[in-house]
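S.K.: No letters, just coordinates:
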């Protein structure tokens with residue numbers, strides 16, 4: 001166990017010398033730095049905030065944290081959902097949001113080099129101007145790229161293009177000892193020792209602080225079309241999903257959603273896009289599917305075949321979102337699900353389990369069947385194409401202590417069922433400190449111990465983002 005020191009006046013002075021004008025204490029610390037986007041896991045105030053602008057500055061801060069044995073929490077935009085950027089042990093919070101530049105394009109090798117504080121939205125807009133695409137597309141567009149890499153964020157296009165990990169070619173990292181290393185290269189393959197870059201991706205700021213990233217780009221698809229597909233119920237909706245792959249349709253995105261969350265989200269964004277009835281019958285669930293390709297004819301051919309398939313397998317209708325406005329409105333509603341749930345709920349907690357696609361329908365049936373047992377509402381949506389499910393427990397009636405106790409029991413039960421079906425604890429949000437109590441059961445004691453030992457090798461003083469992922473202090 002680590003015995004941390006409090007931040008001393010001497011440490012603050014040394015930080016101010018190293019990072020002049022960008023060190024904050026006391027009342028000057030913004031309240032936003034005390035929490036992320038999932039308040040159920042609590043808030044904690046750092047003793048000092050440092051806004052770094054260079055790799056060298058970060059290295060100096062890390063060295064000082066080691067010298068004074070003070071915990072150090074790296075943070076991007078704070079949009080995480082598992083408490084990963086919350087300074088639960090106080091100490092130093094190191095913000096990378098001022099490191100937000102696009103440093104270089106290498107158009108011959110289809111890469112872009114960026115700083116970690118650059119927002120996903122800003123990169124996506126900039127590469128689009130060059131006729132390129134950065135495929136990772138997490139729902140939170142105003143997260144930082146460093147945060148995306150630290151959690152191996154997935155998103156809606158992962159079903160076709162893969163998660164963030166698949167687009168990280170190289171990075172510069174400050175290790176927990178203050179040493180600076182460069183990992184990876186602008187190459188498409190390697191068999192050069194242990195893949196430390198893959199270990200760093202998804203490590204949630206516990207093994208190092210990413211200060212520069214080289215990311216892979218692809219040519220932007222020339223045509224993109226979306227389909228809204230209503231169903232009577234969720235079972236029939238989800239049962240269609242494997243057929244998209246059996247028929248080689250290769251959707252860019254394949255999302256499912258239930259009626260209640262669609263109604264909440266449309267009310268939140270102020271636009272109705274999804275049909276609620278068809279031939280006098282209520283719609284119970286939807287698929288939202290996107291296809292892309294090089295020609296309108298090729299994409300339309302797939303859309304027509306997919307339409308025939310879903311109508312033969314229980315779909316009530318097919319709506320083609322074939323105008324920019326309709327496509328934008330449909331995906332805006334999908335992108336606002338979390339905000340809509342937050343607006344409607346006093347208390348909420350969530351998980352993002354991942355199960356085999358063939359198990360989604362049975363798994364969600366099990367989860368939804370627990371609503372009466374625990375006494376709170378269960379809302380779900382997610383990435384049907386890759387089995388990554390976002391499941392929310394929400395209540396406006398329970399007291400906080402009762403809610404947290406029941407949610408803990410609920411999470412243990414649904415995680416156990418996910419493992420039984422061959423799934424895993426998290427598909428893209430990570431572990432942070434909010435899910436750390438569930439990880440050992442998920443991976444087993446031997447694997448959990450390996451993770452602990454890796455943490456100790458990288459971070460002998462256990463100063464970097466302590467109490468997260470696999471190592472409690």
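M.R.: Nice, thanks for sending it over. A quick note: this is a predicted structure, and the numbers were derived from the prediction, not measured.

S.K.: domain parsing for this structure?
M.R.: 9-98, 102-219, 223-337, 345-434 (automatic domain parsing).

S.K.: pLDDT on the longest one, on average?
M.R.: Across domain 102-219, the average pLDDT comes to 97.

S.K.: Chain neighbours aside, what residue packs nearest to residue 80?
M.R.: In this structure, residue 80 finds its nearest non-sequential neighbour in residue 36, 4.5 Å apart by C-beta to C-beta, 6 or more residues apart in numbering. (Glycine included, C-beta is placed from N, CA and C.)

S.K.: again but with residue 300, I slipped
M.R.: Using C-beta to C-beta, 6+ apart, the nearest residue to residue 300 is residue 225, at 7.1 Å.

S.K.: again, but for residue 96
M.R.: Using C-beta to C-beta, 6+ apart and skipping residues adjacent in sequence, the residue nearest residue 96 is residue 117, 4.3 Å away.

S.K.: Quick check: the gap between residue 61 and residue 211.
M.R.: 11 Å (C-beta to C-beta, to the nearest Å).

S.K.: can you count the residues close to residue 221?
M.R.: 16 (other C-beta atoms under 10 Å).

S.K.: Now do the contacts for it.
M.R.: With contact taken as C-beta atoms under 8 Å, 6 or more residues apart in numbering, residue 221 is in contact with 133, 252, 292, 293, 294.

S.K.: Run a quick neighbour tally on the second one.
M.R.: Counted with other C-beta under 10 Å, residues neighbouring residue 252 total 23.

S.K.: That one and residue 159, how far apart?
M.R.: Per C-beta to C-beta, residue 252 is found 7 Å from residue 159.

S.K.: do the same with residue 2
M.R.: 41 Å.

S.K.: Summarise which helices and strands the one helix or strand in the chain whose mean pLDDT sits lowest is packed against.
M.R.: Least confident helix or strand, the chain: helix 324-335 with a mean of 84, by mean pLDDT, DSSP states H and E. Helix 324-335 is packed against strand 223-231, helix 259-269, strand 285-293, with contacts defined by 3 or more C-beta pairs under 8 Å, 6 or more residues apart in numbering; DSSP states H and E.

S.K.: Swap in 6 Å and give it another go.
M.R.: Applying 3 or more C-beta pairs under 6 Å, 6 or more residues apart in numbering; DSSP states H and E, we find helix 324-335 packed against helix 259-269.

S.K.: helices or strands up against the helix it packs on?
M.R.: helix 324-335, helix 337-344.

S.K.: ok, residues contacting it?
M.R.: 272, 274, 283-284, 332-333, 336-337, 340, 343-344, 379, 381 (C-beta atoms under 6 Å, 6 or more residues apart in numbering).

S.K.: heading toward the C-terminus, what's the first helix or strand past the helix ranked longest in the chain?
M.R.: Longest helix in the chain, counting residues (DSSP state H): helix 400-420. Later in the chain than helix 400-420, the nearest helix or strand by DSSP states H and E is helix 436-443.

S.K.: and that following helix, how far from the chain's centre?
M.R.: Helix 436-443 sits 18 Å away from the centroid of its parent chain (C-alpha atoms, centre = their mean, to the nearest Å).

S.K.: so it versus helix 400-420, what angle?
M.R.: 10 degrees (axes from the mean of the first three to the mean of the last three C-alpha atoms, to 10 degrees).

S.K.: For whatever helix or strand comes next after helix 436-443, enumerate the helices and strands it packs against.
M.R.: The C-terminal neighbour of helix 436-443 among helices and strands, as given by DSSP H and E, is helix 445-458. The contact analysis (3+ C-beta pairs under 6 Å, 6+ apart) places helix 445-458 against no helix or strand.

S.K.: wouldn't residue 110 be in contact with residue 219 here?
M.R.: No - Residue 110 is not in contact with residue 219 according to C-beta atoms under 6 Å; the separation is 8.0 Å.

S.K.: Which one's more surrounded, the two?
M.R.: residue 110 (16 against 11).

S.K.: any idea how far the closest residue to residue 451 other than its chain neighbours is from residue 90?
M.R.: Spatial nearest neighbour of residue 451, excluding adjacent residues (C-beta to C-beta, 6+ apart): residue 470 at 3.9 Å. Residue 470 is 21 Å from residue 90, where distance means C-beta to C-beta.

S.K.: what does residue 132 give?
M.R.: Residue 132 is 42 Å from residue 90, by C-beta to C-beta.

S.K.: Also residue 158?
M.R.: Taken as C-beta to C-beta, the span from residue 158 to residue 90 is 36 Å.

S.K.: What of residue 33?
M.R.: Residue 33 is 12 Å from residue 90, by C-beta to C-beta.

S.K.: If you count surrounding residues, which of those two has more?
M.R.: For residue 33 versus residue 90, neighbours defined as other C-beta under 10 Å are more numerous around residue 33 (21 against 17).

S.K.: residues in contact with the more buried one?
M.R.: By C-beta under 6 Å, 6+ apart, the residues touching residue 33 are 46, 49, 93.

S.K.: show me what contacts the residue lying closest to residue 354 once chain neighbours are set aside?
M.R.: Nearest non-adjacent residue to residue 354, counting by C-beta to C-beta, 6+ apart: residue 427, 3.5 Å away. Residues in contact with residue 427 (C-beta under 6 Å, 6+ apart) are 154, 352, 354, 388.

S.K.: Residue 380 too?
M.R.: Counted by C-beta under 6 Å, 6+ apart, residue 380 has contacts residue 391.

S.K.: all helices for the stretch 101-250 of the chain, in order.
M.R.: For the stretch 101-250 of the chain, the helices defined by DSSP state H, counting those that start in this stretch cover 120-129, 145-151, 158-161, 196-200, 234-239, 241-246.
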